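A.B. asks: Need coordinates for the below:
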Amino acid sequence: MASKPRYLLLGEILRPHGINGEVRMRILTDYPERIASLEMVYLGSDPNVAEAAGYRVEHMRPHQGYGLLKLEGVDSRDEADLLRELFVMVSIEDAVPLEEGEYYLYQIIGLRVQTQDGELLGTLTDVLETGANNVYVVDSPRYGEILIPVIQETIIETDVHAGVVIVRLPPGLLPPS
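C.D. replies: Predicted coordinates:
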């Protein structure tokens, strides 16, 4: 399991929007509507940076599948242009509390994945977001890359403290060994 990060990603600044300091942001969070209510966001070139520059949020609004973000103190197109390609982040302490059974990626990447019969399949290395459901990518020494749909029928238990995800695989998901 990855260590607890200092920041979580909200978006990535793409370019200025207009002449008054707004920026166009690619949204990287499941909760973009919450950005407007945050007191502070942090900008940095890497989400693992030790210290990021803090900015107060003036407003955030959706626009054509992106977010238009206005930060206090960024009042011109030229100032906004200096923020290109920076990540917009929230401190882990200000992150959205998750519902029961929901996890941040940093909590599950690196967990062992095993069947309900106890067979170790491998390590969870990534989560793919598809339209219907997420898919766990598991690196398996025996089977190679395994793609496991994250649905109620397949994910039996996720125990981040024990470092394990227990799964019930549908027939035919694994290649013959």
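
A.B. asks: contacting residues for Arg24?
C.D. replies: Counting by CB atoms under 8 Å, 6 or more residues apart in numbering, Arg24 makes contact with Ile13, Leu14, Arg15, Pro16, His17, His63, Tyr66, Gly67, Leu68. No exception for glycine: its C-beta is placed from N, CA and C like everyone else's.

A.B. asks: Going by neighbour count, which of these comes out on top?
C.D. replies: The residue in these with the most neighbours, by other CB atoms under 10 Å, is Gly67 (26 neighbours).

A.B. asks: tell me the SS of that residue?
C.D. replies: Taking DSSP: H, G, I helix; E, B strand; the rest coil as the rule, one finds Gly67 in the strand state.

A.B. asks: so what's it up against?
C.D. replies: Gly67 makes contacts with Gly11, Arg24, Met25, Ile27, Pro32, Ile35, Met60, Arg61, as judged by CB under 8 Å, 6+ apart.

A.B. asks: What's opposite the fourth one in the beta bridge?
C.D. replies: Translated: Ile27. Per DSSP bridges, the residues bridged to Ile27 are Gly11.

A.B. asks: Pull the contacting residues for it.
C.D. replies: Ile27 touches Leu10, Gly11, Gly65, Tyr66, Gly67, counting by CB under 8 Å, 6+ apart.
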